[in-house]
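Colleague: Test case, fold it:
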Amino acid sequence: MKSNELTEIWIDDKRTSLKEFITGHSENQSHEQKLRTELLAIQYRIEDYIESKSISDRLRVLDFVKLYLKTFNVTQKKLANLFEMKDSYLHKYLVGERKLNASIVLKLS
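Modeller: Reported below is the predicted structural model:
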């Protein structure tokens, strides 16, 4: 066996044990801890996006809203109902077909 092959085996073994550790730890977390972790992941993704210089990674407001909707298990239609607007109007705001106004930004925040 070449030393390169030994390194690959060690990396795969290390990766497997790390994955098992993370999975085991995740299973022991409460619902609130999992929710907090997911929200932090979204926050970090937003911060990375803001600091990114890459134009190819351009995201829309909808991409971030979808992350929050998935985390809270809320549909876009239900969110539109909470905002007291039609789902199609909310969608147009989120995909950039309509400009966001102060009212929508406050509701989203």
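Colleague: Show me the domain layout of the chain.
Modeller: 1-54, 59-109 (automatic domain parsing).
Colleague: quick check, distance from the first one to the centre of its chain.
Modeller: Domain 1-54 has its average C-alpha position 14 Å from the chain's average C-alpha position, going by C-alpha atoms, centre = their mean, to the nearest Å.
Colleague: Past the lowest-mean-pLDDT helix or strand in the chain, which element shows up next along the chain?
Modeller: Using mean pLDDT, DSSP states H and E, helix 3-27 stands out as the lowest-scoring helix or strand of the chain, at a mean of 73. Downstream of helix 3-27, the first helix or strand assigned by DSSP states H and E is helix 31-51.
Colleague: Which secondary structure elements does the strand or helix carrying Lys66 sit against?
Modeller: In this assignment (DSSP H and E), Lys66 forms part of helix 61-72. The helices and strands touching helix 61-72, judged by 3 or more C-beta pairs under 8 Å, 6 or more residues apart in numbering; DSSP states H and E, are helix 31-51, helix 76-82, helix 87-95. Placement of C-beta: from N, CA and C, glycine included.
Colleague: Kindly recompute the last result at 6 Å.
Modeller: Secondary-structure packing of helix 61-72 (3 or more C-beta pairs under 6 Å, 6 or more residues apart in numbering; DSSP states H and E): helix 87-95.
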